[in-house]
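this one's sequence-less:
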């Protein structure tokens, strides 16, 4: 897991180390792949996977874990995808999903960012780039969202975020404020989940403030061995049926989170 020492040592890297990072033009941010198997809301609890996959670093092990988890999920909310050959190979092995990818940057020619995958055809989708950038790499972070058909003719808004990390608190606050502004006027069922990089009490306290301001609850887990709790799942206007932190899965430096809503 990420720890303070890693954060501060990473800040010592020179800008030359990031010479291969580029930020895509607006018309190159969003890409979609695959086809959703249904246009209708599910008639059972919706199963959601949340996971920062650490750019598929442990490639074959990660692929096995991702395929196993995804076959049971209706929606996957992914941070730190990198569009490597093994990533595309993995997506091809998951028919019945629509994959919406929102690229924050490209590294050595491979795009990376956040992804939303769904077995249900989305009504619409969009993205929001952070106004601040990570130091040295000069790359933004990304918010991606989609609206899905839901019960009683409603739509469910699903939003994922990979929040600012190696920055001062002000940049983190600004990014979370962008998230708040995106959904503050939305009154329907809402799920927000992602890697919020809440590695300090100040960051966690501000996120708690925004969560309360939006009238949302946080999914808790029967067991939670994390020292730093960076990943969070919030919900409003739905019932939480189950929530688990899958600490037995170690092919990323973040544990997957599984939750079901109705």
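Good, I have the coordinates. Nothing here was measured: the structure is a model prediction, and the numbers come from that model.

For the rest of this, base every contact and every neighbour count on C-alpha atoms.
Will do.

In this model residue 152 seems to touch residue 41, though I could be wrong.
No: counting by Cα atoms under 8 Å, residue 41 stays clear of residue 152, with 9.6 Å between them.

Mind checking which of the two has more residues around it?
Counted by other Cα atoms under 10 Å, residue 41 and residue 152 do not tie: residue 41 has more neighbours, with 20 against 7.

Not counting its own residues, what contacts stretch 64-71?
49, 76, 90, 93, 94, 249, 251 (Cα atoms under 8 Å, 6 or more residues apart in numbering).

If you tally nearby residues, what's the number for the last one?
Residues contacting residue 251 under the criterion other Cα under 10 Å number 21.

before we move on, what about the fourth one?
When neighbours are counted by other Cα under 10 Å, residue 93 registers 11.

ok, it - contacts?
So residue 93 contacts residue 67 (Cα under 8 Å, 6+ apart).

One more: the last one?
With contacts taken as Cα under 8 Å, 6+ apart, residue 251 has the following neighbours: 53, 57, 58, 61, 62, 65.

Over to the first one?
In this structure, residue 49 makes contact with 69, 70, 73, 75, 76, 77, 256, 257, 258, 259, judged by Cα under 8 Å, 6+ apart.

Apply 10 Å and report the result again.
The contact partners of residue 49, taken as Cα atoms under 10 Å, 6 or more residues apart in numbering, are 66, 69-70, 72-78, 116-117, 193, 243-244, 256-260.

so what pLDDT did it get?
pLDDT for residue 49: 98.

beta partners for it?
residue 76, residue 258 (DSSP bridges).

change the start of the numbering to 713 and stick with it
Shifting the count to begin at 713 puts that one at residue 761.
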